[in-house]
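>>> With the sequence up front, the predicted model follows.
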Amino acid sequence: MEQQVAARMQRQGILSREKPPLFVAVLDDTVLERPVGGPAVMREQLQHLLEVGRRPRVHLHLVPRSVGAYPGLNGAFVIATPADGEDVAYLDNPLQGTVVERTADVLSLRQSWESVRAEALSHRQTLDVITEAAAAWT
């Protein structure tokens, strides 16, 4: 567990570099309401999300509950575009992560990504909703 936490903290440090990569994340609005750790922990987590979301190269988008079913409900995935190569994707599951490099599979995930983003709120709207949700956990 300690190794996993250390690895996550190290990855978060990437966003604090002098020249951080562009990071775009789409979240389902249930993350604002599911009580993990109690009210104080939820408020702290949402405030941290706001701090990160206010960085210039971080764009957060929230899919509102009113959307209903959308492709993002199939599970989380990451698409990375390295400076010197083609897109690569990463799928996570409880047992292990899977790197996806096959062009057709990455393209399929890219299309799912675009569908998910099309359902999401703007970055500004998302920060406003997260601000309200953090205040509600007081």
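That came in fine, so what should we check first?

>>> list the buried ones in the lengthiest helix in the chain?
Counting residues, the longest helix found in the chain (DSSP state H) is helix 103-119. By neighbour count with 16 or more other CB atoms under 10 Å, helix 103-119 contains the buried residues V106, L109, S112, W113, V116, E119. Any C-beta I mention is one placed from the backbone N, CA and C, and that applies to glycine too.

>>> residues touching L73, list them.
Counting by CB atoms under 8 Å, 6 or more residues apart in numbering, L73 touches D28.

>>> Okay, buried residues for the lowest-mean-pLDDT helix or strand in the chain please.
In the chain, no helix or strand scores lower on mean pLDDT, DSSP states H and E than helix 2-13, which sits at a mean of 78. Across helix 2-13, burial judged by 16+ other CB under 10 Å covers no residue at all.

>>> Going along the chain from that helix, find the next helix or strand for me.
Next along the chain after helix 2-13, taking DSSP states H and E as the criterion, comes strand 23-28.

>>> The longest helix of the chain packs against which elements?
strand 23-28, strand 58-63, strand 77-80, strand 88-91 (3 or more CB pairs under 8 Å, 6 or more residues apart in numbering; DSSP states H and E).

>>> Turn those strands into CSV, columns for mean pLDDT.
CSV is the format used below for the helices and strands packed on helix 103-119 (pLDDT from 0 to 100):
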stretch, mean pLDDT
strand 23-28, 96
strand 58-63, 97
strand 77-80, 93
strand 88-91, 94
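
>>> ok, back up a step: could you list the alpha-carbon positions for the least confident helix or strand of the chain in CSV?
C-alpha atoms of helix 2-13 as CSV (Å, rounded to 0.1, in the frame of the first residue of the first chain):
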residue,chain,number,x,y,z
GLU,A,2,2.8,2.4,0.9
GLN,A,3,4.5,1.8,-2.5
GLN,A,4,1.2,2.5,-4.3
VAL,A,5,0.8,5.8,-2.4
ALA,A,6,4.4,6.8,-3.1
ALA,A,7,4.0,6.0,-6.8
ARG,A,8,0.8,8.1,-7.0
MET,A,9,2.5,11.0,-5.2
GLN,A,10,5.4,10.8,-7.6
ARG,A,11,3.0,10.9,-10.6
GLN,A,12,1.2,13.9,-9.1
GLY,A,13,4.6,15.7,-9.0
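
>>> Many thanks, we can stop here.
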